[in-house]
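Peer 1: pasted the sequence and its predicted model underneath.
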Amino acid sequence: MATEEELANMSPEQLQELQKQNCIFCHIISGKVASKKIYEDDKVLAILDINPANPGHILLLIKKHYQIMPQIPDDEISHMFMVAKAISHACLKALKAQGTNIFIANGMVAGQKAPHFMLHVIPRANVDGIKIFDLPEKDIPDDVLEQIRAGLTNKINELSGIKTEEPVVLDKKPEKIGSKAEKEIDEDKKLQKKEEPTKEKNQKKTKKKKDNKRKKPEIYLDEISNLMIENEPKK
Amino acid sequence: MSQKNNCGFCQIITKKKDAKRIFEDEKALAILSPNPCCAGHILLMPKEHFSIIEQVPDYLIAHLSKLTNKISMAVFEVLQAKGTNILIQNGVAAGQKTNHFMIHIIARKENDSLDFQWQPKQLNQEEMSTIELKLKEESKGIGDFEKEEKKPVKIDKEIEKIDKEENYLIKQLDRIP
């Protein structure tokens, strides 16, 4: 194992390489560690979980090493879900399951235990005694929900490249982890509100904005990934 | 059809019923759950009525999964979530309470009183091997994913046009002595 000092001096690429070397699931994928393989193609591998919630509990792994879902490109995510559907179908047929749960834990707080992204397919029966997937219901005030709705709508539209009509309420935005890119975006928004720029300026700004948007999630994601690295040795 | 008419979520999709809409495109709708399990519980559903995932065409699953990832990203940033859970309850035995297929996206924070940890069940080697064999056998056919077909409406119109043109040409030919 590398010392803390070495870890601190490593580039992100080196860190990722180190994580791969220490990742049990990467070893399973490369075949260094034995597993009960159910399905394999060039992008994903499905194996039986050795600590199953129910008999037939399958882990669907992406072959490339990603820690959390937002790091994964669209084509790999969609391939993974299509395979998950097929595996769910296989569970129903082969194991005579009465239902399946498809479950993703994304981040340590959400119950993710290994730093390799995976999707669980769990065959279910009426009397299997698993209650964790029955979602509880909570009373959440309407104004809180409304705030969440407005915030999410804006963000998802932004991620999809759609302009929103609803105004962005700056002071209600939670404090973000400070980074230059984010500040620039805020400034951009303020500028746009104040003056109506010419078309040329506008185009430049949107370009700039787009660049920033691309950078922004990465900055945030690193924070989450770092959390996981920090937490790892404690286990 | 009757299933569709009775489905509360189809009524939300057709705007007969109110809901806190988050995102909508021609194929899918995302809303805040009317019975939330936490602040930040999102339901993503296809607009067409399906009960379980096996009925949903592959290309629609692909579309929904991309949206799931986007919504999950938005949850991270907007709600300052430290994690997300994505859950599909497929069948009543799996906890499905609605007749409309949907993907749950749940924002997670530390000490939020939600818990998705299961108790591992102990199976012996023989049981594991039997399951492995059965599943492997059923999984052989995986890989041929449906692609979205082009909308037939447009094609029909094109064919009609061609027909008329051809007729016109044929009639012209007839006229030549």
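Peer 2: Yes, it's here. Residues are numbered from 1 along each chain as shown, chains lettered A, B, ... in the order given.
Peer 1: so which helix or strand takes in A:Ala86?
Peer 2: Secondary structure assigned from DSSP states H and E places A:Ala86 in helix A:74-94.
Peer 1: following that helix, which helix or strand comes up?
Peer 2: Using DSSP H and E, the helix or strand that follows helix A:74-94 in sequence is strand A:99-106.
Peer 1: now do the biggest strand by length in chain B against helix A:74-94, angle only.
Peer 2: As assigned by DSSP state E, the longest strand anywhere in chain B is strand B:83-90. On the basis of axes from the mean of the first three to the mean of the last three Cα atoms, to 10 degrees, strand B:83-90 is oriented at 40 degrees to helix A:74-94.
Peer 1: could I get the full set of helices for chain A?
Peer 2: A:4-9, A:12-22, A:24-30, A:74-94, A:142-160, A:180-194, A:199-231 (DSSP state H).
Peer 1: out of the ones you listed, which gets the lowest mean score?
Peer 2: The minimum mean pLDDT among these belongs to helix A:199-231 (a mean of 50).
Peer 1: after the longest strand of chain B, next one along is what?
Peer 2: Once the chain leaves strand B:83-90, the next helix or strand it forms, by DSSP H and E, is strand B:103-108.
Peer 1: the helix holding A:Ala86 and chain B, any residue contact?
Peer 2: Yes: Helix A:74-94 reaches chain B (Cβ under 8 Å from any Cβ of the partner chain) through A:74, A:77-83, A:85-94. Any C-beta I mention is one placed from the backbone N, CA and C, and that applies to glycine too.
Peer 1: stretch A:52-70 now?
Peer 2: Yes: residues of stretch A:52-70 contacting chain B under Cβ under 8 Å from any Cβ: A:Pro52, A:Ala53, A:Asn54, A:Pro55, A:Gly56, A:Ile58, A:Met69, A:Pro70.
Peer 1: surely the last one is in contact with B:Ser72?
Peer 2: Yes: in this structure A:Pro70 lies within contact range of B:Ser72 using Cβ atoms under 8 Å: 6.6 Å.
Peer 1: any idea how far A:Glu5 is from A:Asn22?
Peer 2: With the distance defined as Cβ to Cβ, to the nearest Å, A:Asn22 ends up 18 Å from A:Glu5.
Peer 1: neighbour count winner among those two?
Peer 2: A count of neighbours by other Cβ atoms under 10 Å in any protein chain shown puts A:Asn22 above the other of A:Asn22 and A:Glu5, at 13 against 8.
Peer 1: which residues of chain B fall in helices?
Peer 2: Using DSSP H, helices in chain B cover B:2-6, B:8-13, B:58-78, B:125-139, B:152-175.
Peer 1: what's the average pLDDT for the second one?
Peer 2: Regarding helix B:8-13, the rounded mean pLDDT is 93.
Peer 1: repeat that for the last one.
Peer 2: The pLDDT scores in helix B:152-175 average 60.
Peer 1: okay, now the unreliable bits of chain B?
Peer 2: B:1-4, B:150-177 (pLDDT under 70).
Peer 1: in this structure A:Lys155 contacts B:Ala74, no?
Peer 2: Yes: using Cβ under 8 Å, A:Lys155 is in contact with B:Ala74, at 3.8 Å.
Peer 1: between those two, point out the one with more neighbours.
Peer 2: Using other Cβ under 10 Å, the more surrounded residue of A:Lys155 and B:Ala74 is B:Ala74, with 31 against 23.
Peer 1: residue contacts, the more buried one?
Peer 2: Each residue near B:Ala74 by Cβ atoms under 8 Å, 6 or more residues apart in numbering or on different chains is listed here: A:Leu152, A:Lys155, A:Ile156, A:Leu159.
Peer 1: likewise B:Gly91?
Peer 2: Contacts of B:Gly91 (Cβ under 8 Å, 6+ apart): A:Ala97, A:Gln98, A:Gly99, A:Thr100, A:Arg124, B:Ile52.
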